[in-house]
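Participant: following is a predicted model, sequence given first.
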Amino acid sequence: MDMFTDKLAQKLAAQEIISANSAADAEQINRLKNQIAEYDECLHRLRGLIEEGTEQLRSSKANGADVDRLVEEGIAKIRAMQQDTAALEEFVDRLEQRIDKINSGIDDNMHRECVKVYRNVQAVVAEGNEKDLKLMEQLTGDVKNGNKKTNLILGVSVGALIISLGSLVLQLIAMF
């Protein structure tokens, strides 16, 4: 009986293996079918993109003449701008030369005016010095005259002091 159960177990295990393999194969087939469906979808999108690209190429061929015309117009405008740039550079050079001349003229005029101002200030200071010297001489003369008067008053005061001392001494002698 053991043998019978072993054979039965082997048949059941083999049956399970076969059914597991069949299930795995079925699952593999389903995955492959899904992949094929995805590939078909990708191919369909790729065909659509190819058709769009082809249509754009056809329309770009039709617009090629317009593109050539636009390129020629662009080149003509670039050349015109280059000529304008050259003229502008020439104008800038002339303008810079004029500015340099004006600046040098301004520098010369400014120097002349500064010299005039310096001379005027120098003359004013010299006049002020002369007036100050005259005033100083006048004050010095006044001080000398004041010294003479002070000396005269001092002499009179000293004389009066001597006379009053003499009078005091005489009074003191008369008292004794």
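Facilitator: All right, it came through fine. Numbers count the residues shown, from 1 in each chain.
Participant: helices and strands around the lengthiest helix in the chain, which ones?
Facilitator: Longest helix in the chain by number of residues (criterion: DSSP state H): helix 64-175. The helices and strands touching helix 64-175, judged by 3 or more CB pairs under 8 Å, 6 or more residues apart in numbering; DSSP states H and E, number zero. (C-beta placed from N, C-alpha, C; glycine too.)
Participant: what's the distance between residue 69 and residue 58?
Facilitator: 19 Å (CB to CB, to the nearest Å).
Participant: swap that for residue 86, please
Facilitator: Taken as CB to CB, the span from residue 86 to residue 58 is 43 Å.
Participant: same deal with residue 166?
Facilitator: 151 Å.
Participant: break this protein down into its domains, please.
Facilitator: What the record gives for the chain is the domain set 1-62, 65-149, from automatic domain parsing.
Participant: quick one: closest of those domains to residue 175.
Facilitator: domain 65-149 (38.6 Å; CB to CB).
Participant: tell me how far the longest helix of the chain is from the chain's mean position?
Facilitator: In terms of CA atoms, centre = their mean, to the nearest Å, the centre of helix 64-175 is found 37 Å from the chain centre.
Participant: for stretch 26-40, same thing?
Facilitator: Distance, stretch centre to chain centre, for stretch 26-40: 67 Å (CA atoms, centre = their mean).
Participant: which regions of the chain sit below the pLDDT cut-off?
Facilitator: 1-15, 17-18, 20, 60-65, 67 (pLDDT under 70).
Participant: do that again at 50, thanks
Facilitator: For the chain, applying pLDDT under 50 flags no range at all.
Participant: list the contacts of the most far-flung residue of the chain relative to its centre.
Facilitator: Distance from the C-alpha centroid of the chain peaks at residue 176, with 108.2 Å (CA atoms, centre = their mean). For residue 176, no contacting residues are found, by CB atoms under 8 Å, 6 or more residues apart in numbering.
Participant: how close does it sit to residue 163?
Facilitator: 21 Å.
Participant: mean neighbour count for the domains of the chain - can I get that in CSV?
Facilitator: As requested, the domains of the chain are arranged in CSV below (neighbours: other CB atoms under 10 Å):
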stretch, mean neighbour count
domain 1-62, 10
domain 65-149, 10
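Participant: now render the ones you listed as TSV, adding distance to residue 155.
Facilitator: Formatted as TSV, the domains of the chain follow (distance: least, CB to CB, whole Å):
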stretch	distance to residue 155
domain 1-62	131
domain 65-149	11
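Participant: among the ones you listed, which is nearest residue 156?
Facilitator: Between the domains of the chain, domain 65-149 lies closest to residue 156; by CB to CB that is 10.6 Å.
Participant: quick check: residue 167 vs residue 37, distance?
Facilitator: 158 Å.
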